[in-house]
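**Q** Below is the sequence, then the predicted model.
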Amino acid sequence: MTHLSAELVEKCKKVVELYPSKRSALIPLCHIAQGQNGWLTPEAIEDVASLVGVSPAEVRGTASFYDMFHLEPVGKHVIAMCTNIACMLAGAYELLEHAQEKLGVSPGGTTTDKEFTLEESECLAGCDKAPCIQVNHRFFGPMDNASFDTLLADLKSGKLADVVPPHGVLIRIDREHKRKVNYEAIDAERVEIDAAIKERKLKLEAANNATVGKDS
Amino acid sequence: MTEKLTNEETVTFTLNGEEKTAVKGELIIEACEKNGEFIPRFCYHPRMKPVGMCRMCLVEVSSPRGPSLQPSCYVEIQNGMEVNTQSDPVKKAQDGVLEYLLLNHPLDCPVCDKGGECPLQDQTLSYGPGESRFIEEKRHFLKPLKISSLVELDRERCIQCGRCIRFAKEISGEAEIDFAGRGEDTEVAIFPGKEFDSYFSLNTVQICPVGALTAVPYRFKSRPWDLEQIESTCQFCAVQCKLSVQSSQNEILRTLGIDSDAVNQSWLCDRGRFGFEAIYSSNRVNSPKIKKDGEFIDVSWPEAVEEVARALSVAKIANGPDSIGFIGGARLNNEGAYAFSKLAKGVIGTDNVDAQLSDGIDPNLIFGLRRATINDLDQAEIVVTLCGDLREELPVLFLRLRTLVANEALLLAEFSIGETPLSQYAAFRRSLVPGKVQNLLEELKDSFLSSFGRDDFEQKDGGIVFVVGNPGIGIDGLEIEHSIRALAKSFPNAKFLPALRRGNIFGALDMGLSPGLLPGRVTLKSHGSFFGDKWVCVPEKVGKNTKEMLQSVIDGTMDTLILLGSDPISDFPDKNLVLKAFEKAKNIICVESIMNESTKYAQVILPASMDHERAGTVTNLEGRVTHAGDKVTASGASFDDWVIASLISAELGDDLGFNSREDIGSEICSFAPAYRSTEKYFISGNDFGDGVVVPIAQVPVSIRARKSDPIEVPGLSSIERQGSPIRSGNSLPSSVAKVGSESQISFDNSMFDLNSTVSYKLLEEKRESSFYLVLEKSLYDNGTLLRESKSFENSARESYFKLNPVLLAELGVNEGDMITVSKESVKVKGRVVADSLVSVAVVVASWNQNSADSRELISLDNVNIVEVER
């Protein structure tokens, strides 16, 4: 009898088969296991250990190395708030302070209603959206105090259930999960940006030509 | 010198400007060490794979871009390499690494157990910067963290060298500990709720280069500079690991494994390491005792010996010498075993002597086999195990075999009752069923060996090594012996490693403590008049084994039993037979160290000294004779076994002629053919090294040097290189053991005819609904020596039954439920353990564990067929 659901165990076995050596599947399996409870329970670790043929201590050792694995219970939504330079300049610390006040927890803590876990994180590679945050590994930004409050309310009410899956679900691992990236919107934006770049280039060229003319 | 013997390729390199040679493939750290240049290190261990984690061993090595710093434990020496271990960059690197390691390491050396023998302390003094620039707060952890009942972890002191983790993963194969966390939060951790549950856990304490891992039994007991030590041999199982016994104020406090290449390669099992605690048992027999009106009263030695001699004389006169029997002898050293053998066979004249308790193999078979050494496993291409679970029975032999198999150095074929830790590596395995052993072994040749399509490993000397022992009580010993004989005939070039488990059982058998045998592997039939000329008498006909002796006591043809450090009530398979015999026996005389179940039936108890209290030699499963020293004085009025035998003999009117144990040694060497030319191993104060395998081979044997980890066994080798000796007077091991070269063998194993067929009773077939019962032994049980050791008194588990999961489903029980196993009217309850490798025809029961005793179900006369119910 495993702690992981039979369905997940099946999925794990398929992933294990993808690798020449069983233990290579350790990290993907930890993600799958984390998908069940939102965090890696000791029982889940033992299941993963037996699936990849290593000891539970080794699985825990590996999982404890990575920030994306949680070895303690977390809330339904794990909010990671970037405080690296781009976000910091855009007011990340002020936002973090606001979030702490709003949620009543400090970084690393979980609200008493088990709804939110707040984390301070390193760069999330979302500097264009600074200050940027991640909720269950989905990006939101740029954020300010007001939009943060709205986001909390929306998450709590379940309005964003489509966009933000339960904590632990990773698209890269969970390939069957519905794709949430709006490629059409990205393409439209890209056309717009391309046009703007082209226009700017033309302007620059024209200006250059004008200067050259003056000198001679 | 060893390298020359084995013809290895050498390379030339420059060490600090001087030209030196090294063996090709060696690591720089090894090459420099052999050339007299010690490179400081923490994570490198000669018996484990290098990882280059601690960076302490950085040296300058020439490269196309000029000299560069490289970890010497990770780079192989090359021809023409220029190595500099003294340059300024090296010194700066060492300063830096040590300053860095000490950032978080507490400077609590005055209260740390490791202080005084600490590689970090020593190497900081020798190579460190002298002061630290770090003024911030060091990291703090809860301390100590108990990671098992024997090991405590102080994470503040840990320098993350990973030695313990690598030992658990690489050597013992039980990775119950691993690093957790990252960066400055890295710690060695167990899985929460799970103990570091390993028979080998205390090796991590020995190899820890700081005081992070400490052994609970030794914690805060002593400072290293107060310890005196001798090199000795562990006598808990027949592997007989070399160890250093360390004591303070005449009390043994700990033992450390010594790197004997041929035997234990520096490892010990936990039981061997702290099993000496039984010496300090409150049930120790401290003076001779005689039973009067049902109570034991302390008497003087002359009184007790007179009583014993009187009982023996009366028995001999009334019913002849054959009415006297000796049971046991594996606890004795060779000197004690020889003295008792001479007393029984050469003075009293009885051949009813058996060191085995009807759970071993006939010594006539063992002596006839081509015996392998443990190192022969390294050379073997295929190892076949036909024995019990080696981790439970011969733990350090298991380590050697597991490491070889896990590294794919050989192929393993396993014949076992159920799953063992080696099963996962086995290329071929069959689950044994009583009555079918021979058929299963035939499959070895037909379906496994034939699949290779080549037979050169069959031609090669020792290409196949069979590890043979009794796989479990309940399989007829004769059936196993029959199969071993068949193997020996069909594989004439194979070698055999007998896997009997009791301490000095091979010494006892070699000294003749077995029916039909005389000292030196000679049979009663084949010695001619050799022993008759030298001893007062020699028995004429072959005597009885333990089982037959007990039966004779019950039917009245024997009435006197002498128990030589054996406790048949808790150690003989058929407990009821023993109880019946003991009720009936007229005299039971115990030569014993600790009161046990069997001593309750004794008329006289003679106190014998224990391991580490008596000096002498012991013989292991290879036939290796090594020295086992005396570190502390014997408790109370205890005497060495040979003294007790001499006293009894003198009282009977025949002096054995021994004034010292060296006398016995020289008599063994001149009388016992297999022990010719081994005199020097029997003399005190000699440099024994790793001992010698008897009979001494005529061809020179290449002996590999000890590969000691110089920072691990302080006082034995590290101190030579790292500072002044802790205390003079320690016996230091030599790097190369000496082997007598001029010796000749007059021992001839052809007297043990392997072709003699043994008929074994074919088993009555079990019915459809019943099962064959087989008992398996565990390392930790309720045996006297374990129960009386403080660290292991609670180590026995609850009794269990192992069944195939298919049967569990049929019975409708889950793992952990209680089931009842019954045979006629006897019912025994135990917890169910699922084992998919146990045959569906077999139920495996535990041996001598807590609560129910499965031995109630065993009878050596009958086939052991049992029923199972919920």
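**A** Thanks, I have the structure now.
**Q** OK, contacts around residue A:193?
**A** Counting by C-beta atoms under 8 Å, 6 or more residues apart in numbering or on different chains, residue A:193 touches no other residue. C-beta: built from backbone N, CA, C; applies to glycine.
**Q** Pull up the residues of chain A that are close to chain B.
**A** Residues of chain A lying near chain B by C-beta under 8 Å from any C-beta of the partner chain: A:42, A:45-46, A:54-58, A:60-61, A:64-65.
**Q** Where does pLDDT dip in chain B?
**A** Confidence mapping of chain B against pLDDT under 70 gives the ranges B:1-7, B:453-455, B:684-688, B:697-764, B:861-863.
**Q** Tell me how it divides into domains.
**A** B:2-101, B:141-280, B:289-360+B:505-682, B:363-498, B:771-869 (automatic domain parsing).
**Q** hang on, the earlier thing: find the pair from the residues of chain A next to chain B with maximum spatial separation.
**A** By the measure C-beta to C-beta, A:46 and A:65 form the most distant pair in the residues of chain A next to chain B, at 18.4 Å.
**Q** These two: which is more packed in?
**A** Using other C-beta atoms under 10 Å in any protein chain shown as the criterion, residue A:46 and residue A:65 rank with residue A:46 on top: 21 against 16.
**Q** Would you agree that one falls within a helix?
**A** Yes: counting by DSSP: H, G, I helix; E, B strand; the rest coil, residue A:46 is located in a helix.
**Q** The residue lying closest to it once chain neighbours are set aside: how many residues sit nearby?
**A** Closest residue to residue A:46 apart from its sequence neighbours, by C-beta to C-beta, 6 or more residues apart in numbering or on different chains: residue A:56 at 4.9 Å. With neighbours defined by other C-beta under 10 Å, the count for residue A:56 comes to 23.
**Q** likewise the one 10 residues further on?
**A** Neighbour count for residue A:66, taken as other C-beta under 10 Å: 12.
**Q** Ok, residue B:604 next?
**A** Residue B:604 - counted by other C-beta under 10 Å - has 24 other residues nearby.
**Q** Please name the nearest non-neighbouring residue to it.
**A** Closest to residue B:604 by C-beta to C-beta, 6+ apart is residue B:589, at 4.9 Å.
**Q** For stretch B:373-388, measure first residue to last.
**A** By C-alpha to C-alpha, to the nearest Å, the extent of stretch B:373-388 from end to end equals 19 Å.
**Q** Could you do stretch B:319-331 as well?
**A** 29 Å.
**Q** can you pull the contacts of the closest residue to residue A:154 other than its chain neighbours?
**A** Spatial nearest neighbour of residue A:154, excluding adjacent residues (C-beta to C-beta, 6+ apart): residue A:160 at 5.0 Å. For residue A:160, the contacting residues are A:135, A:151, A:154, by C-beta under 8 Å, 6+ apart.
**Q** on that earlier part again, so of the residues of chain A next to chain B, which ones are in strands?
**A** Within the residues of chain A next to chain B, no residue falls in strands by DSSP state E.
**Q** Drop anything exposed from the contacts of residue A:160.
**A** Among these, those buried by neighbour count (16 or more other C-beta atoms under 10 Å in any protein chain shown) are A:135, A:151.
**Q** quick one: which of the contacts of residue A:160 is nearest to residue B:16?
**A** residue A:135 (60.8 Å).
**Q** Spell out the secondary structure type for the closest residue to chain A within the stretch 301-450 of chain B.
**A** Closest contact between the stretch 301-450 of chain B and chain A, by C-beta to the nearest C-beta, is at residue B:424 (8.7 Å). The three-state assignment at residue B:424 reads helix, by three-state DSSP.
**Q** Now do the same contact list for residue B:409.
**A** Residue B:409 neighbours (C-beta under 8 Å, 6+ apart): residue B:378.
**Q** wait, residue B:380 sits on residue B:463?
**A** Yes: Residue B:380 is within contact range of residue B:463, at 6.5 Å (criterion: C-beta atoms under 8 Å).
**Q** Pick out whichever of those two has more residues nearby.
**A** Each of residue B:380 and residue B:463 has its neighbours counted (other C-beta under 10 Å); residue B:380 has more, 26 against 19.
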